[in-house]
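>>> got a sequence here, can you model it:
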Amino acid sequence: MKKYLLAVSLITCAFNVCLTNQSLALTLTNSSQSQPPTLTLYAAGSLRGALSEVANVFTQQYGIPVKTEFASSGSLRERLENGEQADVFASADTGNAIALNQKNLSGQVEIFAGNPLYAIASPRVSLTTDNLLDQFLNPDVKLGIAQPGRDPLGDYAIEIFRKADQIRPGSFEQLNAKAIRFTGSLPPERNSPGGSIVYYLEEAQQADIYPVYYTSALAALELSPNLQVVKLPDNLAVKGDYGLTVLKDASPNGAKLAEYILSPAGQQILAKYGFSSPSSTRSTSVPESHNLGGIILAVGIALVLKKTSASSKKRTIRKVTTCCH
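Residues are numbered from 1 along each chain as shown. Sure thing, here's the model as predicted:
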């Protein structure tokens with residue numbers, strides 16, 4: 001009798017364990033099914049701080065996780081062309097985003113932010129707006145730029161050189177020849193817009209002057225307040241227009257993330273990091289994919305943005321030189 005009761009007890013216990021495991025498996029399955037798929041955002045390195053915060057706030061608000069990948073816009077575009085999968089691409093220019101659109105790899109391109117270039121210099125050089133071109137051309141001053149073609153920041157530097165040539169013929173050839181292209185890898189702790197500037201100018205001393213984005217200059221000053229940040233003179237001024245596009249075969253929530261970046265909430269976060277809103281940038285014409293044929297005007301910001309500059313907690317440059325010290 002005891003053996004019989006023991007057998008019944010063991011069978012009952014095994015049955016209960018089986019039911020518990022099935023219930024747990026069903027719970028995990030339902031939880032997995034209710035969890036939205038993770039979105040992947042590829043974005044220019046200069047957007048690391050701003051879009052990381054945008055992604056976090058977006059996830060908190062909608063419960064949709066976002067994985068971010070930051071690198072130079074050109075390298076990200078190449079990776080997407082070679083088959084890597086992402087939902088949204090945010091470039092530091094419009095050209096790389098348009099290139100994906102032309103290859104039928106993404107949808108419409110929207111300008112979502114503006115970012116003017118400033119010159120940042122080590123204390124080894126006395127730099128002002130008035131003497132900026134003289135110092136750029138000074139053979140004793142090391143001028144560094146990002147890699148043109150791969151990084152829009154380098155392309156914008158070349159645009160500065162072309163403008164300089166209009167002021168002083170022959171300047172383009174001289175500046176293009178002397179410019180040091182930054183192509184080396186960075187220490188992990190300096191892998192950020194501000195950190196890279198501090199590394200190139202102060203730690204490695206690879207350059208004395210470096211044309212950079214306004215937002216990157218702000219980040220660099222937080223790390224090294226001794227750096228000089230100088231506004232470019234009007235005849236050399238260059239501004240980056242940032243392009244946003246949703247990749248083909250993206251999750252439906254990819255468009256939702258792009259819309260959030262363009263929304264007043266997303267724009268307020270971008271403004272906090274020093275970016276200007278698309279309402280203050282020029283529009284651009286975006287060609288349709290060649291596979292669809294034709295060229296049409298396809299850009300215009302979909303959302304009318306509220307003025308956020310007055311209400312947002314905009315950072316300010318603590319040291320901008322416009323005249324001699």
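
>>> quick check, residue 245 in a helix?
No: read with DSSP: H, G, I helix; E, B strand; the rest coil, residue 245 is strand and lies in no helix.

>>> wait, it touches residue 86, no?
No: counting by Cβ atoms under 8 Å, residue 245 stays clear of residue 86, with 10.3 Å between them. Every residue, glycine included, has its C-beta placed from N, CA and C.

>>> identify the contacts common to those two.
With Cβ atoms under 8 Å, 6 or more residues apart in numbering applied, the contact sets of residue 245 and residue 86 do not overlap.

>>> the more surrounded of the two?
residue 245 (26 against 20; other Cβ atoms under 10 Å).

>>> so for the more buried one, what's the pLDDT?
You'll see residue 245 listed with a pLDDT of 98.

>>> got the contact list for it?
Contacts of residue 245 by Cβ under 8 Å, 6+ apart are 88-89, 91, 97, 100-101, 106-110, 258.

>>> for the residues you listed, which one is nearest residue 191?
Checking those against residue 191 with Cβ to Cβ, the nearest one is residue 91 at 19.0 Å.

>>> what's the average pLDDT for stretch 213-227?
Across stretch 213-227, the average pLDDT comes to 96.

>>> same thing with stretch 130-140?
pLDDT averaged over stretch 130-140 gives 98.

>>> ditto for stretch 47-57
The pLDDT scores in stretch 47-57 average 97.

>>> which residues does it contact?
41, 43, 66, 68, 70, 90, 92, 192-193, 215, 219, 242, 257, 260-261, 265-266, 269-270, 272-273, 275.

>>> for residue 90, grab phi and psi.
Main-chain torsions, residue 90, degrees, to the nearest 10: phi -120, psi 110.

>>> against residue 73, how distant is it?
Plainly put, residue 90 is 8 Å away from residue 73 if you go by Cβ to Cβ, to the nearest Å.

>>> mutual contacts of those two, please.
By Cβ under 8 Å, 6+ apart, residue 90 and residue 73 have these common neighbours: residue 44.

>>> show me where the stretch 51-200 of the chain has helices.
73-81, 95-102, 132-137, 152-167, 171-178, 193-198 (DSSP state H, counting those that start in this stretch).

>>> redo the ones you listed as JSON lines? Include mean neighbour count and distance to residue 223.
Putting the helices of the stretch 51-200 of the chain into JSON lines (neighbours: other Cβ atoms under 10 Å; distance: least, Cβ to Cβ, whole Å) gives the following:
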{"stretch": "helix 73-81", "mean neighbour count": "20", "distance to residue 223": "23"}
{"stretch": "helix 95-102", "mean neighbour count": "22", "distance to residue 223": "28"}
{"stretch": "helix 132-137", "mean neighbour count": "18", "distance to residue 223": "23"}
{"stretch": "helix 152-167", "mean neighbour count": "20", "distance to residue 223": "18"}
{"stretch": "helix 171-178", "mean neighbour count": "15", "distance to residue 223": "27"}
{"stretch": "helix 193-198", "mean neighbour count": "23", "distance to residue 223": "5"}
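
>>> who wins for proximity to residue 115 among those?
For the helices of the stretch 51-200 of the chain, the distance to residue 115 is smallest for helix 152-167, at 9.3 Å, taking Cβ to Cβ.

>>> ok, and what's touching that closest one?
Helix 152-167 is contacted by residues 44, 46, 72-74, 91-93, 95-96, 117, 133, 136-137, 145-149, 171-173, 175-176, 179, 181, 211-213, 232, 235-236, 238, 240 when judged by Cβ under 8 Å, 6+ apart.

>>> switch the cut-off to 7 Å
Helix 152-167 has contacts (Cβ atoms under 7 Å, 6 or more residues apart in numbering) with 73, 92-93, 117, 133, 136, 145-148, 171-172, 175-176, 211-213, 235-236, 238, 240.

>>> could you give the angle of it to helix 171-178?
140 degrees (axes from the mean of the first three to the mean of the last three Cα atoms, to 10 degrees).

>>> show me what the longest strand anywhere in the chain is packed up against.
Using DSSP state E, we find that the single longest strand of the chain is strand 106-121. Packing partners of strand 106-121 (3 or more Cβ pairs under 7 Å, 6 or more residues apart in numbering; DSSP states H and E): helix 95-102, strand 209-213, helix 214-223, strand 228-231, strand 239-247, helix 252-262.

>>> show me the one of those that comes nearest residue 198.
helix 214-223 (5.0 Å).

>>> for residue 149, give me its contacts.
Residue 149 is in contact with residue 74, counting by Cβ under 7 Å, 6+ apart.

>>> okay, it: pLDDT?
At residue 149, pLDDT is 90.

>>> bridged to the closest residue to residue 107 other than its chain neighbours, which residues?
Leaving aside its sequence neighbours, residue 107 sits nearest to residue 246 (Cβ to Cβ, 6 or more residues apart in numbering; 4.9 Å). Here residue 246 sits in beta bridges with residue 88, as judged by DSSP bridges.
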